[in-house]
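Asks: prediction below, plus the sequence it came from.
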Amino acid sequence: MSKINEYHCPSGHTTVTRDTEPRTVTPMFITCPECKKTATSCMYQVNQSQQPTYEWFIPKNIEEMKAACLPVYGDMFNDDDYESMLEKTESTGPGMYRKIDLK
Ligand SMILES: [Zn+2]
């Protein structure tokens, strides 16, 4: 069962996320996908029936890691960076969020 969380940034954006893995560990802070400021977790104390726009997941390869990073951070990492981020994610749990394809 997916848990819904919200991240609020100083500009007033709300990023609604869902967990997709049972062992999900999500960070207290993320980079706001809209304005790149620091957004703070609401610790799951939010309406659980709302529609999430982002999901937490475990990237399985560099391509998935890249696809998740590019919209948020832009093209600022090289393949070595992605490789080490991937290793870190595999050992500590989901480290990335990506936009959900709403159909
Ligand atoms: Zn923002």
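Replies: Looks like it came in fine.
Asks: can I get the helix or strand where E87 lies in CSV? Just the C-alpha atoms.
Replies: E87 is located in helix 79-92, with elements delineated by DSSP states H and E. Output of helix 79-92 as CSV, limited to C-alpha atoms (Å, rounded to 0.1, in the frame of the first residue of the first chain):
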residue,chain,number,x,y,z
ASP,A,79,28.3,9.0,-15.5
ASP,A,80,30.6,8.5,-12.6
ASP,A,81,28.4,10.6,-10.4
TYR,A,82,25.3,8.6,-11.5
GLU,A,83,27.2,5.4,-10.8
SER,A,84,28.0,6.3,-7.2
MET,A,85,24.5,7.7,-6.6
LEU,A,86,23.1,4.4,-7.9
GLU,A,87,25.3,2.4,-5.5
LYS,A,88,24.2,4.6,-2.6
THR,A,89,20.6,4.2,-3.5
GLU,A,90,20.9,0.5,-3.6
SER,A,91,22.5,0.3,-0.1
THR,A,92,20.3,2.8,1.7
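Asks: elements contacting the helix or strand of the chain with the lowest mean pLDDT?
Replies: Sorted by mean pLDDT, DSSP states H and E, the helices and strands of the chain end with helix 79-92, the least confident at a mean of 90. If you count contacts as 3 or more CB pairs under 8 Å, 6 or more residues apart in numbering; DSSP states H and E, helix 79-92 packs onto helix 62-73. Placement of C-beta: from N, CA and C, glycine included.
Asks: which parts of the helix it packs on are buried?
Replies: Using 16 or more other CB atoms under 10 Å as the test for burial, helix 62-73 gives 64-66, 68-69, 72.
Asks: which among those residues are in contact with the ion?
Replies: Filtering the buried residues of helix 62-73 for neighbours of the ion using CB under 5 Å from the ion leaves an empty set.
Asks: what does this structure have sitting close to the ion?
Replies: 9, 11, 13, 32, 34-35.
Asks: can we see that at 6 Å?
Replies: 9, 11, 13, 32, 34-35, 37 (CB under 6 Å from the ion).
Asks: quick revisit: following the helix holding E87, which helix or strand comes up?
Replies: Downstream of helix 79-92 (by DSSP H and E), the next one is strand 96-99.
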